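> Model the structure of this input:
(2 chains)
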Amino acid sequence: MSKLTIETEGDRHVVVTRRFAAPPEAVYRAHTEPDLIQKWLLGPDGWTMPVCINEARPGGKIRYEWTDGKGADFHLTGEYVELEPFSRIVHVERMHLPDRTPDNHVETRFEPDAAGTLMTMRMTLPNAETRAAMLATGMEHGMEASYVRLETML
Amino acid sequence: MPDLDATFSALADPTRRAILARLASGEATVMELAKPFAMTQPAISRHLKVLEGAGLIVRRVEGTKRPCRLAPDGIAAIDQWLAILRDALSKNYERLDGVLAAMQPKDGKDTP
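Down below sits the predicted model:
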């Protein structure tokens, strides 16, 4: 189906797009309401998000804490910059692994699309090296998801 | 798998991306590569050294020339990595599809 695209753009950007079969309002709410976020923004199987703080207003705080229930955990913090319900969100985030990663500036757009919503998430990193490091870190987590999936297949 | 930090750093430079795009259409010498970029051969050679170190190109010796071409393994590693990241994100978004489907009924005002 290939609904998801991920592309690097220029030296400092990563652009992710995805289509959803729901109106922009629903997709926007699923990105800003804690009880909804906790149901899907989980990464690999087996991980949960016991702490989800999301103050959806300019200057509002974001804090997501994940755990695998077996002693591994990490968290993300961020701040909202701009919100235009239900079409656009601008926020800054960084991971704590536990060392703090450089700030990732993210603009997320939700546009009406024939079948529902087209979401475009454009990330801007401070420099090319940071983007390279972020992509490499993402790979480790992605690998873990793949291994977990493999385990369930065996 | 090659060092992906080195790979993505190598790709961070627009000249190096243009060199890779040129090499996608076939092998080229430093002189041939320098021409469209209005750069000196030593400057191009420095970029080639970075690309070679990142495993994105390979060079062979032909008399005094060292023609370059794309290294399939290096390019494949990038594709592979993007596929893995795509998998991880796909998983989150497939869960979100389920969340959105459950939200629909209570919206009421949506016409199917």
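
> And the average pLDDT for stretch A:61-73 is what?
Here stretch A:61-73 scores 90 as its mean pLDDT.

> And for stretch B:97-110?
In this model, stretch B:97-110 carries a mean pLDDT of 73.

> thinking B:A10 is in contact with B:K49, fair?
No: between B:A10 and B:K49 there is no contact, the gap being 10.1 Å when judged by Cβ atoms under 8 Å. All C-beta atoms are positioned from the backbone trio N, CA, C, and that covers glycine.

> between the two, which one's more packed in?
For B:A10 versus B:K49, the count of surrounding residues by other Cβ atoms under 10 Å in any protein chain shown is larger for B:A10: 25 against 12.

> what's near enough to touch the more buried one?
Neighbouring residues of B:A10 by Cβ atoms under 8 Å, 6 or more residues apart in numbering or on different chains: B:16, B:50-51, B:53-54, B:56.

> Tell me where the model's unsure across chain B.
Low-confidence segments of chain B, defined by pLDDT under 70: B:1-4, B:77-85, B:88, B:104-112.

> ugh, wrong one, I meant chain A
A:1-2, A:132-154.

> now do 90
A:1-16, A:41-47, A:66-75, A:94-102, A:114-115, A:125-154 (pLDDT under 90).

> re the thing from before, right, and the pair among the contacts of B:A10 with maximum separation?
Pairwise distances across the contacts of B:A10 (Cβ to Cβ) peak at 11.3 Å, for the pair B:R16 and B:G53.

> Counting neighbours around each, name which of those two comes out higher.
Set B:R16 next to B:G53 and count neighbours by other Cβ under 10 Å: B:R16 wins out with 21 against 15.

> now the contacts of B:A10 as TSV including distance to A:T77 and secondary structure?
Below are those laid out as TSV (distance: Cβ to Cβ, whole Å; DSSP: H, G, I helix; E, B strand; the rest coil):
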residue	distance to A:T77	secondary structure
B:R16	34	helix
B:V50	34	helix
B:L51	37	helix
B:G53	35	helix
B:A54	32	coil
B:L56	35	coil
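
> I'd like those as JSON lines, with distance to B:R95 appended.
Formatted as JSON lines, the contacts of B:A10 follow (distance: Cβ to Cβ, whole Å):
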{"residue": "B:R16", "distance to B:R95": "38"}
{"residue": "B:V50", "distance to B:R95": "40"}
{"residue": "B:L51", "distance to B:R95": "39"}
{"residue": "B:G53", "distance to B:R95": "40"}
{"residue": "B:A54", "distance to B:R95": "35"}
{"residue": "B:L56", "distance to B:R95": "35"}
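
> Now flag whichever of those is closest to B:P42.
Closest approach to B:P42 among these (Cβ to Cβ): B:V50, at 13.4 Å.

> Could you report the neighbour count for that closest one?
B:V50 has 18 neighbours, counted by other Cβ under 10 Å.

> Cross-check the contact I'm expecting between it and B:T15.
No: using Cβ under 8 Å, B:V50 is not in contact with B:T15, being 10.0 Å away.

> residue ranges for the strands of chain A, please.
Using DSSP state E, the strands of chain A run over A:5-9, A:13-20, A:48-54, A:61-67, A:73-84, A:88-96, A:104-113, A:116-124.

> Now that we have those strands, can you turn them into TSV and tack on distance to chain B and mean neighbour count?
Shown next, in TSV, are the strands of chain A (distance: least, Cβ to the nearest Cβ, whole Å; neighbours: other Cβ atoms under 10 Å in any protein chain shown):
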stretch	distance to chain B	mean neighbour count
strand A:5-9	6	14
strand A:13-20	5	18
strand A:48-54	11	16
strand A:61-67	12	17
strand A:73-84	13	16
strand A:88-96	14	17
strand A:104-113	12	17
strand A:116-124	8	18
